[in-house]
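Novice: Fold the following for me, if possible:
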Amino acid sequence: MEKWLKTFEPAGLFLGTIIGTIIIAATLNWLFRRFIQRSTLIIRNDPTNYVFLRHAITGLVYCVGFGWAIYNLPDMRAIANSLLAGAGILAVAVGFASQHALGNIISGVFIVVFKPFRVNDRLRFQSGLGGVVEDITLRHVVIRDFENRRIIIPNSKISEEVIVNADFGEDKICKWVEAAISYESDHQLAKAIMREEAEAHPLCLDNRKPEDIEQGEPIVQVRLIALEENGARLRAYVWAKDSAEAFSMGCDLMEKYKERFTAAGIAFAYPKRVMIYPGDKDDATMPK
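Specialist: Predicted coordinates for the structure are as follows:
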């Protein structure tokens, strides 16, 4: 019986170490998640550092636990000793094979240290993708887009990307609300309508300086910014508390502009073409 137990002792130690490692890692992960939630909601701490640290500690526990379990198997220990003899070649091979993984880990550390974005920041990329940062792991960043889908971007890729961060620094944002009207329409009346509707919106902020108020500057500036092929383009500069409210306000204002312009007889710009057919004798524009 004693001999039988000694025979299976390494295997039991191996399985026990694996199971213990999984339990310890899961417990630490759960404790860190609870701590992050409490510190974020109650103390208003930035969760970025804690999230990355949670993944780092969990990964370290797995590496140490699994390494110790393998080392305790006599057969695997002999293989490990053989591998150590060629450690130099092995290091080169492993380094070459894992260069992308190491690059992602290093990029993740730089993201946490320099903080170009944080957990819960709203990001937009040149490709048109965008959303809210949900998690920063050792390998990648998880972004929840506005359709509640998850975008997975490797840390090394996102570190090289040009990012528009709506929450970096000041949350307040100037929303551009544009409308293109026909050349025959009264653009001064259109500007007045756009300013009136924007200033009446409950999400519009008064971002004027004291000197602007003294000089009688309006809360919302509306300018004619371009004379295009099909009409004149007007733009209202409307301030909002953050990007979420700015988007909602912009949608509301576009709907209001459509209603008010239709009631006032202001036509939106649309493509126009004059078709001239050869042989049309009644067309005065045909060359004689």
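Novice: contacts and neighbour counts: CA atoms only from here.
Specialist: OK.
Novice: Using the three-state scheme, assign residue 170.
Specialist: What DSSP: H, G, I helix; E, B strand; the rest coil gives for residue 170 is coil.
Novice: so who does it touch?
Specialist: Applying CA atoms under 8 Å, 6 or more residues apart in numbering to residue 170 gives no contacts.
Novice: ok, which stretches of the stretch 51-200 of the chain are helices?
Specialist: Residue ranges of the helices in the stretch 51-200 of the chain, as given by DSSP state H, counting those that start in this stretch, are 74-85, 87-97, 99-114, 155-160, 187-200.
Novice: So what sits opposite residue 178 in the bridge?
Specialist: residue 235 (DSSP bridges).
Novice: Contacts only, for residue 153.
Specialist: Taking CA under 8 Å, 6+ apart, one finds 140-143 in contact with residue 153.
Novice: any idea how far it is from residue 102?
Specialist: 15 Å (CA to CA, to the nearest Å).
Novice: Also residue 171?
Specialist: 34 Å.
Novice: what does residue 167 give?
Specialist: 29 Å.
Novice: sorry, back to before: and the helices of the stretch 51-200 of the chain, which one averages the lowest pLDDT?
Specialist: Across the helices of the stretch 51-200 of the chain, helix 87-97 has the smallest mean pLDDT, namely a mean of 57.
Novice: With only the CA atoms kept, save stretch 19-35 in CSV.
Specialist: Output of stretch 19-35 as CSV, limited to C-alpha atoms (Å, rounded to 0.1, in the frame of the first residue of the first chain):
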residue,chain,number,x,y,z
ILE,A,19,-6.2,22.6,-8.9
GLY,A,20,-4.8,24.9,-6.1
THR,A,21,-3.4,27.2,-8.7
ILE,A,22,-6.7,27.5,-10.5
ILE,A,23,-8.5,28.2,-7.2
ILE,A,24,-6.0,30.8,-6.0
ALA,A,25,-6.0,32.6,-9.4
ALA,A,26,-9.8,32.6,-9.5
THR,A,27,-10.1,33.9,-5.9
LEU,A,28,-7.6,36.7,-6.5
ASN,A,29,-9.4,37.6,-9.8
TRP,A,30,-12.7,37.8,-7.9
LEU,A,31,-11.3,39.8,-5.1
PHE,A,32,-9.6,42.3,-7.5
ARG,A,33,-12.8,42.6,-9.5
ARG,A,34,-14.8,43.4,-6.3
PHE,A,35,-12.1,45.9,-5.2
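Novice: pLDDT (mean, whole number) over that stretch?
Specialist: Across stretch 19-35, the average pLDDT comes to 80.
Novice: Repeat that for stretch 246-265.
Specialist: 96.
Novice: One more: stretch 164-175?
Specialist: Mean predicted confidence for stretch 164-175 is 87.
Novice: Same question for stretch 206-215.
Specialist: Averaging pLDDT along stretch 206-215 yields 92.
Novice: Give me the nearest residue to residue 257, chain neighbours excluded.
Specialist: residue 194 (6.6 Å; CA to CA, 6 or more residues apart in numbering).
Novice: Touching, the one you found and residue 223? I think so.
Specialist: No. The pair residue 194 and residue 223 fails to qualify as a contact (CA atoms under 8 Å) at a distance of 10.1 Å.
Novice: These two - which one has more neighbours?
Specialist: residue 194 (27 against 16; other CA atoms under 10 Å).
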